[in-house]
Structures are given as C-alpha cells and as structure tokens.
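> Okay, here's the prediction I keep looking at, along with the sequence it came from:
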Amino acid sequence: MEKRKLLFATNNAHKLIEAREIAGTDYQVISLQDVDLDTDIPETQDTLEGNARQKALFIYDKTGIDCFADDTGLEIDALDGRPGVYSARYAGEGCSYDDNVQKILEEMDGVENRKACFRCVVCLILDGEAHLFEGRIPGEITRGRSGDGGFGYDPVFLPTGYTMTFAEMPAHLKNGISHRGIAVSKMFRFLVSV
Ligand code: IMP
C-alpha cells in the first residue's frame, strides 16, 4: 500500500529529519522543497499554540495538502518561563543558535535553580480542520555546553534522569524522549485512529 503523505510546514532541516524518524511506516513526511515551496513562514503570535496553528494554516492555505507545524519554547523556571515563545530570537533578530545559548548561560550564571522544560505544540491540519498535540520534557540548564549533535539549546539542556545533554545523545534517543518526539508521536497515533 502506498504511504500517505503529510507535509511538514518547516524550513528547519533538523526537525524534518527528526519527524521522518518518528513517522514509522504508514506515513511519508514530505518537505516544503518536495512541493517546490520556498517561503518564509510567519510566526507572529504570542503563544506556542498560536504560532503552531498560524504556521500550519499558512502552508495549508498555500498548498491544500494535509500538513503539520510545530512551535517550541524552552521555559526556564528561574527566568520566569523565558525564553518561552521567544526562544528562536532570544538574543535578538538574526541571532544564531550559539548567541541564544550564550545569552542563557550568562543569565543563568550563578543561579542555583536550573530547572527548565522544553514544551512543543504541534498543529495538524487534516481536511481543513486543526488538531493540537503537546509534548513536554523536564530537565535542567547545564553550566556549560556539552555535545555537538542536535540544534538550538541542545548543548545546555540535560533531560531529567539522563547524564547526557540532548546534544550528546544519539538522535534516536533524543527523538524517543523529546518534547517534539512526544507531540509528533501523539499526532501519528491520532492519525492511525481516524
Ligand atoms: P521553533 O519556533 O519551534 O523553531 O523553536 C524556537 C527555538 O527553540 C529554535 O530556534 C531553537 O533555538 C529552539 N528549539 C526548538 N526545538 C529544539 C530542540 O529540539 N532542541 C533545542 N532547541 C530547540
């Protein structure tokens, strides 16, 4: 049987690889490149739910193809939940992943409470209707960078119960426990149930 196609509304190559690993055998996750769509995707809302919905609807309106988008925030207790929904541009417009990590390490310098959580919301648009799925993983912010895998804040995020940061973990281990892994798996479980 031919796999059903599901478009991932993202320009992030790391996220695409992760979702393809999680998709399993029933679904083929296709990219914006696969449908010849080269576009910036707006994310101007002030919640993860709002941004995930905005991104997915934007791509659905352009393509008419069933699709999903995610939005993720790193919520740090000692920073009152920051960077949260502003995780991508925390160190300023046009900043790099490393700029963001540096800003976090500086703000957390000398701070004892290092508890944090990654929260991800996935919005699936199926036959024009939106469905939301959430994934969370608790952990702590390390005092320095470790590992060179993954992306974003991975080198400074140590998930609870593990001795490796996300950036030190093999991809399949991160995908099995991560915020996005959890949310995307929930979405695929929903898809096989409808
Ligand atoms: P986005 O808006 O969902 O792309 O996520 C916002 C920012 O959160 C990204 O630019 C990354 O810096 C960070 N982020 C998202 N997912 C992850 C992850 O799995 N590991 C580390 N950082 C992430």
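Looks like it came in fine.
> What parts of this structure come near the ligand?
12, 70-72, 87-88, 97, 100, 150-154, 166, 178, 180 (Cβ under 6 Å from any ligand atom). C-betas here are computed from N, CA, C, even on glycine.
> Among those residues, which one lies nearest to the ligand?
residue 152 (2.3 Å; Cβ to the nearest ligand atom).
> Where do the strands of this structure begin and end?
4-8, 27-30, 67-76, 83-84, 115-126, 129-141, 157-159 (DSSP state E).
> Mind listing what's buried along the longest one?
Applying a neighbour-count criterion of 16 or more other Cβ atoms under 10 Å, the buried positions in strand 129-141 are 131-133, 135, 137, 139-141.
> Strand partners (parallel or antiparallel) of that strand?
Strand 129-141 has the following sheet partners, assigned by DSSP bridges: strand 115-126 (antiparallel), strand 157-159 (antiparallel).
> would you list those strands in a markdown table and tack on mean pLDDT and mean neighbour count?
What follows is the strands paired with strand 129-141, written out as a markdown table (pLDDT from 0 to 100; neighbours: other Cβ atoms under 10 Å):
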| stretch | mean pLDDT | mean neighbour count |
| --- | --- | --- |
| strand 115-126 | 98 | 22 |
| strand 157-159 | 98 | 23 |
